[in-house]
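*Asks:* My questions are about this predicted structure, shown below with the sequence.
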Amino acid sequence: MMRLANLGFQVRSKLADLGATARLFGRLLGHTPASFARFGLVRDQIYFLGNLSLAIIAVSGLFVGFVLGLQGYYTLQRYGSSEALGLLVALSLVRELGPVVTALLFAGRAGTALTAEIGLMKAGEQLAAMEMMAVDPERRVLAPRFWGGVIAMPLLAAVFSAVGVMGGWLVGVGMIGVDDGAFWSQMQAGVDVWLDVGNGVIKSMVFGIAVTFVALYQGYTAQPTPEGVSHATTRTVVMASLLVLGLDFVLTALMFSI
C-alpha cells in the first residue's frame, strides 16, 4: 500500500507540474500584445539571443556544409550523380540539419543564458521585488524573452542553412571540382520553396518556441540557490535537446504524410 501511495503521489505531482507548465505557457501567450506594444524589450532580446549567437551558428553551419560536401560527393559518385551535390546539400540543410542543429546550438548557448539569467534574478529576489512594486514579472521579464527567442530562432536557422550551402559549394566546386553550373542548377530545380524551405521555417519556429519556453520555465521555477540555478541550467540543455529531437520526428512524419 505504501508503494502504491508513493506512486500515486508521484503521478499527481507530475500532473500538477504539467498543469503549471501549461498555465505559464498560456499566460505568456496572453502577454503577446503587451510585449509587442513595447517592442524595444523584444528587440533587445532578439539581439541578446540572436545576434550574440550568430558567430557559433555561422561557424557551425560552415563546417557542417564542408562535411556534407565531402560525404555527399563520395556517396553520389558511386552512382554517377555527383552533379546533384548541390541538391543534396541544400535539401539536407533546409529540411533537417539547419533547423535541428541550430536548435541544439541555440539551447546550449541562448537557452542556458536565459535560464541562468532568470534563475539569478529569482535568487537575488529581483522578481519578488517586481511583484512588490505591482509589476508582473511574467509580463515584464518572461514574455519579451520568449518572443525574442521565437523570432531569433528562424533567422539563425536561415543563416545556418545559407552558410552551410556555401560551405558545400566551397568543398564541392572549389576543392573537388564539381561543375559550378550543375551545382546551382540542380539545387534550383530540386528545392521547392514551400515544401522544403517552408517546412524548415515551420520546424525552426516550433523549435524556437520549445527551447525558449523550456529555458524560461526552468529558470522561473529554479530553486533560489547557486545549486538550484546550476541544476536548472543543466535541465534546460537536456530537456530542450530531447524535446527538439522528438518534435523533429513528429513534424517530419506529419509533413511528409500530408
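*Replies:* Happy to help now that I have it. Numbers count the residues shown, from 1 in each chain.
*Asks:* okay, CA-based contacts and neighbour counts for the rest of this
*Replies:* Fine.
*Asks:* which one's the longest helix in the protein?
*Replies:* Taking DSSP state H as the assignment, the helix of the chain that covers the most residues is helix 226-257.
*Asks:* which parts of it are buried?
*Replies:* 228-237, 239-241, 243-244, 247-248, 251 (16 or more other CA atoms under 10 Å).
*Asks:* same question, stretch 54-66
*Replies:* Judged by neighbour count using 16+ other CA under 10 Å, the buried positions of stretch 54-66 are 54, 57-58, 60-62, 64-66.
*Asks:* And the contacts of it?
*Replies:* For stretch 54-66, the surrounding residues in contact (CA atoms under 8 Å, 6 or more residues apart in numbering) are 89, 98, 102, 105, 156, 159-168, 170-171.
*Asks:* Could you check the pLDDT of S257?
*Replies:* Looking at S257, its pLDDT is 69.
*Asks:* Inside strands: which ones of the buried residues of stretch 54-66?
*Replies:* Within the buried residues of stretch 54-66, no residue falls in strands by DSSP state E.
*Asks:* what's the farthest-apart pair in the residues you listed?
*Replies:* Using CA to CA, the two most remote members of the buried residues of stretch 54-66 are L54 and F66, lying 18.3 Å apart.
*Asks:* So which residues of the chain form strands?
*Replies:* In the chain, no strands are found when defined by DSSP E.
*Asks:* What does the pLDDT read for the residue nearest the centre of it?
*Replies:* For the chain, the residue whose C-alpha lies nearest the mean C-alpha position (CA atoms, centre = their mean) is A103; its distance is 2.8 Å. The score at A103 is 95. That number is its pLDDT.
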